[in-house]
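# This is a predicted model, with the sequence first.
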Amino acid sequence: QKEVEQDPGPLSVPEGAIVSLNCTYSNSAFQYFMWYRQYSRKGPELLMYTYSSGNKEDGRFTAQVDKSSKYISLFIRDSQPSDSATYLCAMSALRNAGNMLTFGGGTRLMVKP
Amino acid sequence: DTGVSQNPRHKITKRGQNVTFRCDPISEHNRLYWYRQTLGQGPEFLTYFQNEAQLEKSRLLSDRFSAERPKGSFSTLEIQRTEQGDSAMYLCASSRTGVWEQYFGPGTRLTVT
């Protein structure tokens, strides 16, 4: 079983819809949570970053962390066709040496005009 | 801030050949990471540098793989005696000490024929 699980999709929504993307994890040591967006054949682009539990909002994006349930979410409001991409969750534990990221497998999102 | 750059962007090689990839991190970032991503999967951690010191290596990094970061600036990842299973996207990321966000380059796509 992988440490971080993510539904691969594809998730298809109409333009303007609210999108909910989720990850579950098993390692209770994870404290730092990130969401990356990756377009086809490109490198991941950092979207949101949160520490521990709670919500964080940035424009159309809201990240939520529920450490008690080991569950994180990314919400996208007023989705646009340009949001069509693969969304990767990533997490890291407090470590003495480095802070390597453990990724989910990614969810492919398609926003249709 | 010119971002993380990687060269080449795409490399096609025959099985058994050696290949070398280069990563130039964001200039003020002293931490540098290598990840590998196969089709439909999230990136997997390979190795990490703090300045010029290689501080952590994944068990995914077989003895055919070697990474260097002379003078704590750019880094190279060499794969010797390539195998078809090495075909993947090799991603480089960088960050500053004490900051958890990692910024990725565009990746080098390796195809072993």
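Structure's in. What do you need? Numbering: from 1, shown residues only, chains lettered A, B, ... in the order given.
# OK, contacts around residue 80?
With no chain named, the answer covers chain A. Applying CB atoms under 8 Å, 6 or more residues apart in numbering or on different chains, we find A:Gln80 in contact with A:Glu15, A:Val111. (Glycine included, C-beta is placed from N, CA and C.)
# Correction: the question concerned chain B.
B:Asn18, B:Arg64, B:Phe65, B:Ser66.
# For B:Pro70, give its distance to chain A.
19 Å (CB to the nearest CB, to the nearest Å).
# where's the residue nearest to that residue when sequence neighbours are not counted relative to chain A, distance?
Once its chain neighbours are removed from consideration, B:Pro70 has its nearest residue in B:Glu52; the separation is 6.4 Å (CB to CB, 6 or more residues apart in numbering or on different chains). B:Glu52 sits 14 Å away from chain A, going by CB to the nearest CB.
# cool, and B:Thr47?
Taking CB to the nearest CB as the measure, B:Thr47 falls 9 Å from chain A.
# Now that residue. Its backbone dihedrals?
In this entry, B:Thr47 is assigned phi and psi values of phi -160, psi 170 (degrees, to the nearest 10).
# And the one 3 residues further on, by the same measure?
Phi and psi for B:Gln50, reported as degrees, to the nearest 10, are phi -110, psi 110.
# Around chain A, pick out the residues from chain B.
Where proximity means CB under 8 Å from any CB of the partner chain, the interface of chain B facing chain A comprises B:4, B:6, B:31, B:33, B:35, B:40-45, B:48, B:50, B:55-56, B:58, B:91, B:93, B:95, B:100-107, B:109.
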